[in-house]
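> Would you be able to build a 3D model of this:
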Amino acid sequence: MSDLFTSLLQFIIATFIPLVGLVLATALLVYGVYARWIDIPHKWLLTRRTVQVLLVVALLCNAWVGLRLYLSHSAQQAWRDSAAVRLGRERFVLPQDYVYGELTIPAGSLINRKDPFDKGEPARPLALHGLEAVRFSQPVQVAGVWASALQTVPMRVELAQDQRIGPLYRFDSASQSWVPNTVVPALACKKGQIALFQVPHIAYDIQAELGKPAPDGPQARFLPSQWLFRNCEVGPAIALEPAHGTVAATAAP
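Numbering: from 1, shown residues only. Okay, here's the model as predicted:
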């Protein structure tokens, strides 16, 4: 019932009132021409009171349309004005060490993130939820490997040095799960290669978080200790958008 009422209210506000205003304004204009310049016998005319009432209703309906257009334009202008603020919080250099789940990201690291809940408020606190990629200011140990950068989707970790990584996991079709590779327990990987990980799903209360930002800081669901190493491969360096205001196209070591 509430959904039906909401839909009806939206129809009245968005469609019915503007339509009434347009129809009345057009009809009154035509009636004005008819009453003023059309001379026919036994001409039918509305009473002065009726014309006044219809005119008031038309003015109110069209004033409402004008107000909605003004508010919509103001909201769009405010969104455009805040674009630089939002962009500065999507692409920036971390001003201080920041704990994100199990990972401590050092100051000076380049961050790329997306935050659909950011409306461009000037005083919004530092946050990393929606993290897409990071290039560390110094090598950081992530999931047991020394990394210079990482990308979250898909999970790719750029290696900061030559290192032997294990245990190695493989997908077992019989059990439909990832299991340790007993034949090749570890791989010797080179600096600059990309380490690939299987990231297990972390269960959480979807209903409780509906319409809210994901947990941030130490409570973030970023748990590299649970990642399963799959492979390392030669690939392009993890590319990031530059911090807002810089001129480079990507950030690389």
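> For the rest of this, base every contact and every neighbour count on C-alpha atoms.
Will do.
> The residue of the chain most remote from its centre: which element?
For the chain, the largest distance from the centre (CA atoms, centre = their mean) belongs to residue 41, which lies 67.0 Å off. Using DSSP states H and E, residue 41 is not contained in any helix or strand.
> Next, it: phi, psi?
Here is the backbone geometry of residue 41 (degrees, to the nearest 10): phi -70, psi 150.
> Show the pLDDT at it.
Listed pLDDT for residue 41 reads 83.
> contacting residues around it?
Applying CA atoms under 8 Å, 6 or more residues apart in numbering to residue 41 gives no contacts.
> How much space separates it from residue 29?
Distance, residue 41 to residue 29, using CA to CA, to the nearest Å: 21 Å.
> And residue 137, by the same measure?
Applying CA to CA, the value for residue 137 to residue 29 is 70 Å.
> The longest helix seen in the chain: what's the following helix or strand?
When the chain is parsed with DSSP state H, its longest helix is helix 48-81. Next in sequence after helix 48-81, counting helices and strands by DSSP H and E, comes helix 83-90.
> Mind giving me the packing neighbours of the helix or strand following that next one?
Along the chain past helix 83-90, the next helix or strand (assigned with DSSP H and E) turns out to be strand 91-93. Helices and strands touching strand 91-93, by 3 or more CA pairs under 8 Å, 6 or more residues apart in numbering; DSSP states H and E, are strand 110-113.
> tell me which strands and helices the strand it packs on is in contact with?
Packing partners of strand 110-113 (3+ CA pairs under 8 Å, 6+ apart): helix 83-90, strand 91-93, strand 131-142.
> just so I know, which of the ones you listed lies nearest residue 223?
Residue 223 lies closest to strand 131-142 among the helices and strands packed on strand 110-113, at 9.5 Å (CA to CA).
> ok now do residue 144, which residues does it touch?
Residues near residue 144 by CA under 8 Å, 6+ apart: 165, 225.
> how close does it get to residue 164?
Residue 144 sits 10 Å away from residue 164, going by CA to CA.
> For the longest helix of the chain, what is the distance to the chain centroid?
32 Å (CA atoms, centre = their mean, to the nearest Å).
> how about low-confidence regions in the protein?
Counting by pLDDT under 70, the ranges of the chain that qualify are 1-2, 73-75, 77-83, 245-253.
> switch to 80 and redo it
Under the criterion pLDDT under 80, the flagged ranges of the chain are 1-9, 11-13, 70-85, 119-123, 205-209, 211, 245-253.
> got the domain boundaries for it?
With domains defined by automatic domain parsing, the chain comprises 2-81, 84-233.
> which one of those domains is the most hemmed in?
domain 84-233 (a mean of 17; mean count of other CA atoms under 10 Å).
> Let me see the ranges of the helices in the stretch 101-250 of the chain.
Remark: helices assigned in the stretch 101-250 of the chain by DSSP state H, counting those that start in this stretch are 206-209.
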